[in-house]
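Student: Fold the stuff below for me.
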Amino acid sequence: MTSTRPLPALSVLSSQVLDAALKDLRQHPICTSGQLWLGLLERLQTDEATLKTALLSLHGVATYDDLELAQLSPAARLLDEADQGLAAWTFVLNHTEHLLTEDPWSAAVSKRLLHGTPIQITLARPGQWEQLQHKHGASSQGIEKTPERGPESGVLALNDVVQFVEHAIVSAYQDGASDIHFETDRNGIAVKFRLDGVMAAGPRLPDAAKAEEVISRIKVLAQLDITERRRPQDGRIHWSHAELGTVDLRVSIMPSIFGEDAVLRLLDKAQLRQSQQSISLKTLGFEDTVAATLRGLAQRPHGMLLVTGPTGSGKTTTVYAALSEVNDGLEKIITIEDPVEYELPGVLQIPVNEQKGLTFATGLRSILRHDPDKILVGEIRDAETAQIAVQSSLTGHLVFTTVHANSLFDVLGRFHHFGIETFAMASALNGIVVQRLLRRTCPHCMEWRAPTAAEVTKLQGLDMDVPHRIPVAKRCNQCRHTGYRGRFVVAEVHELNDNIRDLMVRKTSLSELKEALYQHKDQVLRNQALLQVTRGNTTLEELIRVIGLV
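Tutor: Numbering: from 1, shown residues only. Purely as a prediction, here's the structure:
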């Protein structure tokens, strides 16, 4: 252990002081036989009660004295080697399952927290490991204990980082997350998952040096420049796992004040392929009338079908579902995407490669010479792509595409900004789908309540029907204590007719265009969402979060 100047006795430990001590101590071979506990007492110059309170409040790690452990029931057992090298005792105390380990911050413990049932992590004090072994007669032979850490153990540090990244990807895949966020801060790196459209906390590696290694590991997997730390980088990972198969990940590296952050988007290409017999607009949650209108638009011989919404609103999945329903093998279907998110049988799918000069615009020009009937343009991002897509829809092709916009009127504004003539736009468009994804209430813990006076006033002021009761998202183990489980789509589909086209060409006022589009208030997106609230499928809070009441 490196010698340091003793700190003054502390009655209350701050997170910064405790984390700094943990970071330094875990770099030295003292994380066995309860030495980490002794090292913290010596380094911080504090008493046992203060350290015990700080570990529990700041890190959620408990500690017990020898007398408490002596009173345990015979249920205590030593984990076997199937737990992948995690040497720890498990026991029940005060109706809570505990895991006693020499190093609660190891990668093996983080993995168990990520995959196992809720458990209280407990730091072993000197002699407690041997005490349990002597009392319960278990042998540690064949168990790989938490390895010692030395300043020269670069291989061990790399292995910890490799396992940390792998565990994060595996956990995200198994939980159905769409994104993995590696967020660097002053004391290390934390993982967060985007589950059902919202962020959920994952494991943490409280070591600033290891945080850099985690980001470097991701860069290596994505074949990015590990020496470049000042500019953003984008890449892809073709990741294989013995049990999960192959998963493609889109990688974004971004510099921050503490180093770099990384976001990995999971692109499970097999997802749609495995369910191609059942994937449809109905299985995605579209109402029957909305699905029928959308299906009719997808069966037109030519024109353009636009799906719009913010990032993460399910636009690509909707386009794929519509395309799958009309994919009868009688027509040539070509897609150009960035990246190809799902594999469709019998469809020519082209990935954008801007580094090689294959952009949406250049690829779309080439597609037109490849005799297509239906074309999917993953996203319209620029004026050139928009121009070619409109021209394609006017020359006998049916074009499916998506645009990032919040409403129908924002879409028209975007195309006007791209320099598309209003007459050409009105002639090309068959219909526009505006959609959002709402979290579905967990059926195991959902309850009902009466709307508050403020909610009644707000809904009435917007000319919306006030439900007699509103669902409440309680929390349980079935929904990961979020109150929600899964998502479904709500959408308004606008099928353009001659009257709407005339208004577009005349560049009429926004209010007049709205009046023509929304013949009935049930067509409005927020009213459709409120209907789902009335049915108990989602909550009013979720409606406000995703769509808003304005």
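
Student: and the nearest residue in space to Ala386 that is not next to it in sequence, what does it touch?
Tutor: Spatial nearest neighbour of Ala386, excluding adjacent residues (C-beta to C-beta, 6 or more residues apart in numbering): Phe418 at 4.2 Å. To be clear about C-beta, it is placed using only N, CA and C from the backbone, and glycine gets the same treatment. In this structure, Phe418 makes contact with Ile380, Asp382, Ala383, Ala386, Gln387, judged by C-beta atoms under 8 Å, 6 or more residues apart in numbering.

Student: Tell me where the stretch 1-150 of the chain has strands.
Tutor: 77-78, 88-93, 96-101, 120-123 (DSSP state E, counting those that start in this stretch).

Student: Tabulate those strands in JSON lines, adding columns for distance to Arg436.
Tutor: Listed next are the strands of the stretch 1-150 of the chain as JSON lines, based on distance: least, C-beta to C-beta, whole Å:
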{"stretch": "strand 77-78", "distance to Arg436": "49"}
{"stretch": "strand 88-93", "distance to Arg436": "44"}
{"stretch": "strand 96-101", "distance to Arg436": "40"}
{"stretch": "strand 120-123", "distance to Arg436": "39"}
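
Student: Of these, which shows the lowest average pLDDT?
Tutor: Among the strands of the stretch 1-150 of the chain, strand 77-78 has the lowest mean pLDDT, at a mean of 63.

Student: Reformat the strands of the stretch 1-150 of the chain as a markdown table; add distance to Asp175 and mean neighbour count.
Tutor: Shown next, in a markdown table, are the strands of the stretch 1-150 of the chain (distance: least, C-beta to C-beta, whole Å; neighbours: other C-beta atoms under 10 Å):
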| stretch | distance to Asp175 | mean neighbour count |
| --- | --- | --- |
| strand 77-78 | 28 | 16 |
| strand 88-93 | 23 | 20 |
| strand 96-101 | 21 | 20 |
| strand 120-123 | 20 | 21 |
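
Student: Of the ones you listed, which is nearest Arg440?
Tutor: Checking these against Arg440 by C-beta to C-beta gives strand 96-101 as the closest, at 30.0 Å.

Student: How far away from the center of its chain is stretch 497-507?
Tutor: How far stretch 497-507 lies from its chain's middle: 40 Å, per C-alpha atoms, centre = their mean, to the nearest Å.

Student: Okay, buried residues for it please.
Tutor: Ile500, Arg501, Leu503, Met504 (16 or more other C-beta atoms under 10 Å).

Student: One more: stretch 207-225?
Tutor: Quick answer for stretch 207-225 (16+ other C-beta under 10 Å): 207-208, 210-219, 221-222, 224.

Student: Check stretch 319-335 too.
Tutor: Buried residues in stretch 319-335 (16+ other C-beta under 10 Å): Val319, Tyr320, Ala321, Ala322, Leu323, Ser324, Glu325, Val326, Asn327, Ile333, Ile334, Thr335.

Student: end to end, how far does that stretch reach?
Tutor: Taking C-alpha to C-alpha, to the nearest Å, stretch 319-335 runs 11 Å from one end to the other.

Student: what does stretch 511-529 give?
Tutor: Span of stretch 511-529 from end to end, C-alpha to C-alpha: 22 Å.

Student: for the record, mean pLDDT for it?
Tutor: pLDDT averaged over stretch 511-529 gives 86.

Student: for the chain, what are the low-confidence residue spans?
Tutor: Within the chain, the stretches with pLDDT under 70 are 1-12, 27-34, 70-87, 94-95, 107-108, 111-118, 130, 133-159, 268-279.

Student: which residues touch the residue nearest to Arg43 when sequence neighbours are not counted?
Tutor: Closest residue to Arg43 apart from its sequence neighbours, by C-beta to C-beta, 6+ apart: Ala21 at 4.6 Å. The neighbourhood of Ala21, defined by C-beta under 8 Å, 6+ apart, consists of Gly39, Leu40, Arg43, Leu44.

Student: mind listing what the nearest residue to Ser178 once chain neighbours are set aside touches?
Tutor: Closest residue to Ser178 apart from its sequence neighbours, by C-beta to C-beta, 6+ apart: Arg194 at 5.0 Å. Going by C-beta under 8 Å, 6+ apart, Arg194 touches Ala177, Ser178, Asp179, Ile180, His181, Ala200, Gly312.

Student: Would you mind confirming that Leu69 makes contact with Leu132?
Tutor: Yes: in this structure Leu69 lies within contact range of Leu132 using C-beta atoms under 8 Å: 6.7 Å.

Student: now the helices: where do they sit in the stretch 301-450 of the chain?
Tutor: For the stretch 301-450 of the chain, the helices defined by DSSP state H, counting those that start in this stretch cover 315-326, 360-368, 383-394, 408-417, 422-428.

Student: Now tabulate these in JSON lines and tack on distance to Gln349.
Tutor: Listed next are the helices of the stretch 301-450 of the chain as JSON lines, based on distance: least, C-beta to C-beta, whole Å:
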{"stretch": "helix 315-326", "distance to Gln349": "11"}
{"stretch": "helix 360-368", "distance to Gln349": "11"}
{"stretch": "helix 383-394", "distance to Gln349": "17"}
{"stretch": "helix 408-417", "distance to Gln349": "25"}
{"stretch": "helix 422-428", "distance to Gln349": "23"}
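
Student: So for Thr441, which of the ones you listed sits nearest?
Tutor: Per C-beta to C-beta, nearest to Thr441 of the helices of the stretch 301-450 of the chain: helix 315-326, 21.1 Å.

Student: who's in contact with that closest one?
Tutor: Under C-beta under 8 Å, 6+ apart, the answer for helix 315-326 is 272, 276, 279-281, 283-284, 294-295, 297-299, 305, 307-309, 333, 335, 337, 341-342, 344, 347, 374, 376, 378, 400-402, 433, 435, 489, 491.

Student: who's in contact with stretch 522-530?
Tutor: Contacts for stretch 522-530 (C-beta under 8 Å, 6+ apart): 287, 434-436, 438, 459, 462, 464-465, 467, 490-492, 517-518, 521, 531, 538, 540, 543, 546-549.

Student: Give me the buried subset of the residues you listed.
Tutor: By 16+ other C-beta under 10 Å, the contacts of stretch 522-530 give 287, 434-436, 438, 459, 464, 467, 490-492, 517, 531, 538, 540, 543, 546-547 as buried.

Student: so the residue sitting nearest the centre point of the chain is in which element?
Tutor: The residue lying closest to the centre of the chain (C-alpha atoms, centre = their mean) is Arg194, at 2.2 Å. For Arg194, the host element (DSSP states H and E) is strand 188-195.

Student: got the buried residues for the next helix or strand after that strand?
Tutor: The helix or strand immediately downstream of strand 188-195 is strand 198-205, counting by DSSP H and E. Of all the residues in strand 198-205, those buried under the rule 16+ other C-beta under 10 Å are Ala200, Gly202, Pro203, Arg204, Leu205.

Student: of all the residues you listed, which comes closest to Ala424?
Tutor: Ala200 (45.0 Å).

Student: Looks like that closest one contacts Cys479 (just checking).
Tutor: No: between Ala200 and Cys479 there is no contact under C-beta under 8 Å: 11.2 Å.

Student: Who does Leu267 form a beta bridge with?
Tutor: Asp248 (DSSP bridges).

Student: For burial, what's the neighbour tally of it?
Tutor: 17 (other C-beta atoms under 10 Å).

Student: gap between Tyr342 and Arg369?
Tutor: 25 Å (C-beta to C-beta, to the nearest Å).

Student: which helix is the longest one in this structure?
Tutor: helix 154-175 (DSSP state H).

Student: Output that one as CSV, nothing but the C-alphas.
Tutor: Extracted in CSV, the C-alpha atoms of helix 154-175 (Å, rounded to 0.1, in the frame of the first residue of the first chain):
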residue,chain,number,x,y,z
GLY,A,154,-2.6,-4.6,-17.2
VAL,A,155,-4.1,-7.8,-18.6
LEU,A,156,-6.4,-8.1,-15.6
ALA,A,157,-7.5,-4.5,-16.0
LEU,A,158,-8.2,-5.2,-19.7
ASN,A,159,-10.2,-8.3,-18.9
ASP,A,160,-12.3,-6.4,-16.4
VAL,A,161,-13.1,-3.7,-19.0
VAL,A,162,-13.9,-6.3,-21.7
GLN,A,163,-16.3,-8.1,-19.3
PHE,A,164,-17.9,-4.8,-18.3
VAL,A,165,-18.6,-3.8,-22.0
GLU,A,166,-19.8,-7.4,-22.9
HIS,A,167,-22.1,-7.6,-19.9
ALA,A,168,-23.6,-4.2,-20.8
ILE,A,169,-24.4,-5.4,-24.4
VAL,A,170,-25.7,-8.8,-23.3
SER,A,171,-28.0,-7.2,-20.6
ALA,A,172,-29.3,-4.6,-23.0
TYR,A,173,-30.1,-7.2,-25.6
GLN,A,174,-31.8,-9.5,-23.1
ASP,A,175,-33.9,-6.7,-21.6
